[in-house]
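> curious how this folds, go ahead:
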Amino acid sequence: ENNYTTKMLTHLFNLISPVGTLPKPTGPYDIASEELMWDPTRKLQVKVTYPCDLSQSKGYKQGIYMDKKYFKSISKVMKMPKFTIKHYMKVGVNSAVTTEEDLIPLPSDVDKFPVAIFSHGWSGMPEMYTMFAESLASSGYIVVAPYHTDGTCCAVITNNGEIPFDYLAPEFGVTMDKKPQDLNSEEKEKHGKYRAHQLKIRTEDIRICLEVIRLLDNPRRKAKFTPEGYYAFKRRVDMSRLVCFGHSFGGCTAVSACTLSDKHGKPFFTLGISLDGWMEPIQYADDLSQLETDQVYTTTNESIVYRLSKLKSFPVMAFINSEVWQWDDNKKIMETIGKFLFRNKKLQYMWTMPNTGHHNYNDLGLLMPKLGVKLKLLQTDIDPTEHLTNLCLLLVQFIEVHLKPDGDTSSFKQYLLNQEIEAITSHA
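Numbers count the residues shown, from 1 in each chain. Predicted coordinates for the structure are as follows:
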């Protein structure tokens, strides 16, 4: 009887709110994806989406958007019945997954591929940004997306155990039953410390991903354990072309991660991109006023400001924002970081995508177009598929231009103008 009821509800839902699809990527490569354990002690799992050669695979099948093991957790976090999550998340994707012990091999036409690390937003997870990952992978990028271990990932389920959503909140005396604007001063302080601590954990997740990528680039480095996927990606990553990008809290995380450097002060990342970033956790974690002068008095290497001030060179930064969700105080944080980069003769961008809302930067608009509008997650003035398709093309072009030492940045600025996007750029 329960199965019959579920089938009837699903059928009714199909009529009322049909499931969307993910557009086919436009790049030249086949693509594959796998969940891999990269640090069992932290339960740090990553979703790797990468260019592949299906003709050399021993066996593969079409991937699905999301494994059913996540449905229960997502249902709880999103406050939606489990059958609705199943309804939207069981669609097929453009990526293949292996059916054998070995991963699907990378193409042989290129020795090493650039790597893009993606950071998901609060209550998000890597799967919810599949279109970005597939678009970049089809264009020749290995995309690594960690399931963040700070409690902001709505579902972390690994062979080494689970990480509950918002598991750290009680430790900081934080409750989620109030909107940010309704918090009193004491509650705001607790929330600030909580988010700053989460940002620290998220940045450490990225650092561990970097350590694995460095191991893959140079297998002679010492390692505590062999990460999953090691033999498939060994000596196939290009450490000189690293990108970090993310959405919302992930955009903030990308900015923080771009301050990570080697012992000589050389940043690991060439390029950082914040997609409609929620930047306030940086302000909770640091005194950003120090960036407005040439004197930095913070001394801990856990400080974003301190790490930024010690860099010998700087990554190119881009802040790509929605028109509806952003607010002045949040953008001022971006501007403070941007002015610091300007003073240090580094290119930085900030632009707004017209008619977009915060959730026009993930796959929700593709998979649940009618429900997304009804729940006011999406803007109604744009087609979500067209918007994300254009945004993916823009990201690929932006990354390709700025990863090249002699990239023609003027052509990219002209591309923005052709798309009727007004960008604020600065370059001393």
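
> right, and Thr99 touches Gln62 too?
No - with contact defined as Cβ atoms under 8 Å, Thr99 does not reach Gln62; the gap is 10.7 Å. The way it works is simple: take the backbone N, C-alpha and C, and place the C-beta from them, glycine included.

> show me where the stretch 201-350 of the chain dips below the pLDDT cut-off.
Along the stretch 201-350 of the chain, the model assigns pLDDT under 70 to residues 291-302, 342-347.

> can you pull out the helices in it?
Under the criterion DSSP state H, counting those that start in this stretch, the stretch 201-350 of the chain carries helices at the ranges 230-233, 249-257, 280-285, 304-309, 328-343.

> can I get these in TSV with distance to Leu215 and mean neighbour count?
As requested, those are arranged in TSV below (distance: least, Cβ to Cβ, whole Å; neighbours: other Cβ atoms under 10 Å):
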stretch	distance to Leu215	mean neighbour count
helix 230-233	8	18
helix 249-257	18	30
helix 280-285	28	21
helix 304-309	22	22
helix 328-343	30	17
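
> of all these, which one is nearest Met80?
helix 249-257 (20.8 Å; Cβ to Cβ).

> now do that closest one: which elements does it pack against?
Based on contacts counted as 3 or more Cβ pairs under 8 Å, 6 or more residues apart in numbering; DSSP states H and E, the elements that helix 249-257 packs against are strand 113-119, helix 185-217, strand 237-247, strand 271-275, helix 280-285.

> wait, which of these is closest to Ser256?
Closest to Ser256 of these is helix 185-217 (Cβ to Cβ; 4.6 Å).

> now the one helix or strand Val396 maps to: buried residues?
Assigned by DSSP states H and E, Val396 belongs to helix 384-403. Using 16 or more other Cβ atoms under 10 Å as the test for burial, helix 384-403 gives 384-385, 387-389, 391-392, 394-396, 398-403.

> element containing the nearest residue to Pro81 once chain neighbours are set aside, please.
By the measure of Cβ to Cβ, 6 or more residues apart in numbering, the closest residue to Pro81 outside its immediate chain neighbours is Ser75, 6.5 Å from it. Assigned by DSSP H and E, Ser75 belongs to helix 71-78.

> please compute how far that helix lies from its chain's middle.
On the basis of Cα atoms, centre = their mean, to the nearest Å, helix 71-78 sits 20 Å off its chain's mean C-alpha point.

> need the residues that contact it.
The contact list for helix 71-78 (Cβ atoms under 8 Å, 6 or more residues apart in numbering) reads 66, 80-82, 84-86, 89, 123, 125, 154-155, 157, 162, 165.

> and the buried ones among those residues, selectable in PyMOL?
Buried residues among the contacts of helix 71-78 (16+ other Cβ under 10 Å), as a PyMOL selection:
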select buried, resi 66+80+84+85+86+89+123+125+154+155+157+165
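
> what's the farthest-apart pair in the contacts of helix 71-78?
Thr84 and Glu162 (22.0 Å).

> could I get the CA-only coordinates of the helix holding Val396 as PDB?
Provided in PDB are the C-alpha atoms of helix 384-403 (Å, rounded to 0.1, in the frame of the first residue of the first chain):
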ATOM      1  CA  PRO A 384      17.400  28.900 -15.500                       C
ATOM      2  CA  THR A 385      18.800  26.600 -18.200                       C
ATOM      3  CA  GLU A 386      19.800  29.500 -20.400                       C
ATOM      4  CA  HIS A 387      21.300  31.400 -17.500                       C
ATOM      5  CA  LEU A 388      23.400  28.500 -16.200                       C
ATOM      6  CA  THR A 389      24.500  27.500 -19.700                       C
ATOM      7  CA  ASN A 390      25.700  31.100 -20.300                       C
ATOM      8  CA  LEU A 391      27.300  31.200 -16.900                       C
ATOM      9  CA  CYS A 392      29.200  28.000 -17.500                       C
ATOM     10  CA  LEU A 393      30.500  29.300 -20.900                       C
ATOM     11  CA  LEU A 394      31.500  32.500 -19.200                       C
ATOM     12  CA  LEU A 395      33.400  30.600 -16.400                       C
ATOM     13  CA  VAL A 396      35.200  28.400 -18.900                       C
ATOM     14  CA  GLN A 397      36.300  31.400 -20.900                       C
ATOM     15  CA  PHE A 398      37.300  33.400 -17.800                       C
ATOM     16  CA  ILE A 399      39.400  30.600 -16.400                       C
ATOM     17  CA  GLU A 400      41.100  29.700 -19.700                       C
ATOM     18  CA  VAL A 401      42.100  33.400 -20.400                       C
ATOM     19  CA  HIS A 402      43.400  34.000 -16.900                       C
ATOM     20  CA  LEU A 403      45.300  30.700 -16.400                       C
END
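
> His148 and Phe268: what is the separation?
The spacing between His148 and Phe268, counted by Cβ to Cβ, to the nearest Å, is 18 Å.

> ok, now Leu341?
In terms of Cβ to Cβ, Leu341 sits 17 Å off from Phe268.

> over to Phe225?
21 Å.

> more neighbours: which of these two?
Phe268 (20 against 11; other Cβ atoms under 10 Å).

> residue contacts, that one?
Contact partners of Phe268, counting by Cβ under 8 Å, 6+ apart, are Leu210, Met239, Leu242, Leu260, Ser261, Asp262.

> need the nearest residue in space to Pro354, chain neighbours excluded.
Nearest to Pro354 is Glu323, by Cβ to Cβ, 6+ apart, at 5.7 Å.

> and that neighbour, how far from Leu364?
For Glu323, the distance to Leu364 equals 17 Å [Cβ to Cβ].

> those two: which is more packed in?
For Glu323 and Leu364, the more surrounded residue by other Cβ under 10 Å is Leu364, and the numbers stand at 21 against 16.

> go ahead and confirm the more buried one touches Glu127.
No - using Cβ under 8 Å as the test, Leu364 is too far from Glu127 to be in contact (11.3 Å).

> okay, now the unreliable bits of the stretch 1-150 of the chain?
Those would be 1-18, if you go by pLDDT under 70 across the stretch 1-150 of the chain.
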